[in-house]
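with the input below, show me the fold.
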Amino acid sequence: MSKDTTNTTPTHHVYVVEGKGDTAFWTKIGAAWQHADGNGLNITLTLLPLDGRVVIRTAKAGETTRRRGRGQ
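Just a heads-up that it's a prediction; the model follows:
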């Protein structure tokens, strides 16, 4: 039996972004986990956006589910 090395903490957050620039509205819609070989992601979405663009960002401590302005 192989050892399970799955990381339970997401390595990335998934957002839908509506608008542009400093007035863009970011809403967190899911999470992603990087593959062990670094060549892909597994993505889980809690919502499916009908509009806007989907952005995947590296997870950082203290990020909120919604934010205004550019991704940081």
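
pull the longest strand seen in the chain out as PDB, backbone CA atoms only.
Taking DSSP state E as the criterion, the chain has its longest strand at strand 25-34. Output in PDB follows, covering the C-alpha atoms of strand 25-34 (Å, rounded to 0.1, in the frame of the first residue of the first chain):
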ATOM      1  CA  PHE A  25     -14.400  42.900  -7.400                       C
ATOM      2  CA  TRP A  26     -12.800  39.500  -6.400                       C
ATOM      3  CA  THR A  27     -15.000  36.700  -5.000                       C
ATOM      4  CA  LYS A  28     -13.500  33.400  -3.800                       C
ATOM      5  CA  ILE A  29     -15.200  30.500  -5.500                       C
ATOM      6  CA  GLY A  30     -13.000  27.600  -4.700                       C
ATOM      7  CA  ALA A  31      -9.500  26.100  -4.000                       C
ATOM      8  CA  ALA A  32      -6.800  24.300  -5.900                       C
ATOM      9  CA  TRP A  33      -4.100  21.800  -4.900                       C
ATOM     10  CA  GLN A  34      -0.800  21.600  -6.900                       C
END
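
partner strands of the helix or strand just after that strand, with direction?
Downstream of strand 25-34, the first helix or strand assigned by DSSP states H and E is strand 41-45. Paired with strand 41-45 in the same sheet, following DSSP bridges, are strand 25-34 (antiparallel).

thanks a lot, see you next time.
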